[in-house]
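K.L.:
with the input below, show me the fold.
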Amino acid sequence: MLIDIKDLVKVYQMGDNQVRALDGVSVGVSRGEYIAIMGPSGSGKSTLMNLIGCLDTPTSGVYRLNDQVVNELDDNALARIRNKEIGFVFQTFNLLPRTSALENVEVPLIYAGVPRVERHARARKMIDLVGLTDRSHHQPAELSGGQRQRVAIARALVNQPSILLADEPTGNLDSKTGEEIMALFDTLNREGNTIVLVTHEEDIAAHARRVVRLRDGKILEDKAREPKGGEAHG
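P.N.:
Prediction:
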């Protein structure tokens, strides 16, 4: 089991009130799975994503990633796991504005201490993989929204992470471009990448092979399904 979550609780202190954003969530994700986490605003899906991505720590419960108990780690160890194990794709792309597409993809490798020549070669390979070979020296402002998200996906993949964690990855894209990005995710999953997708859109979640629905911090439904993008990796 790549992700093994047991009885996860997250409580936020809001003034005098305590808000249970997650209330005893248990979920497992195997290597190579493609899972969508869904739910209305306030359901706990963003909290769960932040915990899976090691951006936050639970109040109680256990989170194991690759057999490592994540909730026992200090901030430095969590930062190392984020860089090595998890590739993030955000709705807002989060690219460095005055830096070329290729250099943006290299950023996680700089943090990982990869030598310059290898860094450049690996980043180039990822840029080619997402179909941006001829745009590699363009800055984000010179790229379309879909191209920027492809750069973000290349950056997320460059460290060969255990999980690709995508938060509303088509939220800032028109529907045609969004479908192109989702087709890329389908391909990445068929090639063996584990994808955890957080979305509130049914047509985006339809690409996943399994949908976990949250409401009021609890799992309402956890159901396997036939993916929209055809036969997936398994």
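
K.L.:
average pLDDT for the helix ranked longest in the chain?
P.N.:
In the chain, assigned by DSSP state H, the helix with the most residues is helix 175-190. Helix 175-190 shows a mean pLDDT of 93.

K.L.:
show me what the helix or strand encompassing N50 is packed against.
P.N.:
Using DSSP states H and E, the element containing N50 is helix 45-52. For helix 45-52, the packing partners by 3 or more Cβ pairs under 8 Å, 6 or more residues apart in numbering; DSSP states H and E come out as strand 3-14, strand 17-29, strand 34-38, strand 60-65, strand 163-167, strand 194-198. Glycine gets a C-beta too; all of them are placed from N, C-alpha and C.

K.L.:
now render the ones you listed as a markdown table, adding mean neighbour count, distance to A79 and mean pLDDT.
P.N.:
Formatted as a markdown table, the helices and strands packed on helix 45-52 follow (neighbours: other Cβ atoms under 10 Å; distance: least, Cβ to Cβ, whole Å; pLDDT from 0 to 100):
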| stretch | mean neighbour count | distance to A79 | mean pLDDT |
| --- | --- | --- | --- |
| strand 3-14 | 16 | 19 | 95 |
| strand 17-29 | 17 | 22 | 95 |
| strand 34-38 | 24 | 23 | 97 |
| strand 60-65 | 17 | 14 | 96 |
| strand 163-167 | 24 | 15 | 95 |
| strand 194-198 | 25 | 19 | 96 |
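
K.L.:
looking at the ones you listed, which is closest to D128?
P.N.:
strand 163-167 (17.7 Å; Cβ to Cβ).

K.L.:
distance from the chain centre to stretch 103-119, please.
P.N.:
20 Å (Cα atoms, centre = their mean, to the nearest Å).

K.L.:
quick one: end-to-end length of stretch 8-21, please.
P.N.:
10 Å (Cα to Cα, to the nearest Å).

K.L.:
what's the answer for stretch 134-148, then?
P.N.:
13 Å.
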